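K.L.:
Turn this into a structure:
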Amino acid sequence: MSPDHGLLMYEGKAKRIYACKDIDSVLVEFKNDATAFNALKHSQLEGKGRINCQISASLFELLEQEGIPNHYLGLLSEEWMMVQKVEVIPLEIVVRNIATGSLCKQTPIIEGKELSPPLLDLYYKDDSLSDPLLTESRLEILGIVSHAKRLEIEKLARWVNDFLKDFLDKIDLVLVDFKLEMGINNSGELLVADEISPDTCRIWDKRTLDSNDRILDKDRFRQDLGGVVEAYGEILKRVQGVTSKPRNYK
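P.N.:
Here you go, the predicted model:
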């Protein structure tokens, strides 16, 4: 059952965002849609929205405890969360700890190579352009953010990576790479936004060496490996095993 909400403000591949009474906040509904390859591949996976919402809530609360600013305010139900309203910066910030995926397809870097320091890439967030990789010069021409703000974004992304990588390692999970989105709230603060879930992270299981079985993220859907919801559920089980229940929004 959905909570009371205002007009639909935005619908993306995996979430819907609604207005609410508080003009500084919005409601986020996590959908069961699974997409890949710029939504060319699409399916409905029962329970996926609930799992991603719960994982995101727990991880956002951990980031908050670490002092990492993010938009999360609390849960309204298993699939709905209240977050601060932000002006999303049209960048996808990707941090890579291990080489895989597009990095290995586009460069001679060997699959599985550990990247030290982690590689941070910025992409222009625009599906119609297939989210192109940005060079520093292109970023400057586009004028998306100032040089100072870009450095702030990169510093925050690396902080998130350091924290999440360490946390997940303690529950036998490997943070291979992940995508972040950030935004500016009504007070002018830079916040981690969107979600942090197996939809936006590559996560491997340290408890198995099999190259397919270890995949607990969206690559299971991309590669037709099956067991997507079960893999996501395994991450949720391990996260919930060492964290307190996410708070409800009041």
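
K.L.:
Show me the chain divided up by domain.
P.N.:
Using automatic domain parsing, the domains assigned to the chain come out as 8-86, 87-227.

K.L.:
Most tightly packed of those?
P.N.:
domain 8-86 (a mean of 18; mean count of other C-beta atoms under 10 Å). (Glycine included, C-beta is placed from N, CA and C.)

K.L.:
For the lengthiest helix in the chain, which helices and strands make contact with it?
P.N.:
In the chain, assigned by DSSP state H, the helix with the most residues is helix 147-170. Secondary-structure packing of helix 147-170 (3 or more C-beta pairs under 8 Å, 6 or more residues apart in numbering; DSSP states H and E): helix 48-66, strand 91-98, strand 114-124, strand 173-185, strand 190-193.

K.L.:
Save the ones you listed as TSV, and put in distance to residue 144 and mean pLDDT too.
P.N.:
As requested, the helices and strands packed on helix 147-170 are exported to TSV (distance: least, C-beta to C-beta, whole Å; pLDDT from 0 to 100):
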stretch	distance to residue 144	mean pLDDT
helix 48-66	24	98
strand 91-98	6	98
strand 114-124	8	98
strand 173-185	11	98
strand 190-193	13	98
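
K.L.:
what about these, which gets the closest to residue 80?
P.N.:
The closest of the helices and strands packed on helix 147-170 to residue 80 is helix 48-66. By C-beta to C-beta, the value is 7.1 Å.

K.L.:
Give me the distance from the closest one to the chain's centre.
P.N.:
10 Å (C-alpha atoms, centre = their mean, to the nearest Å).
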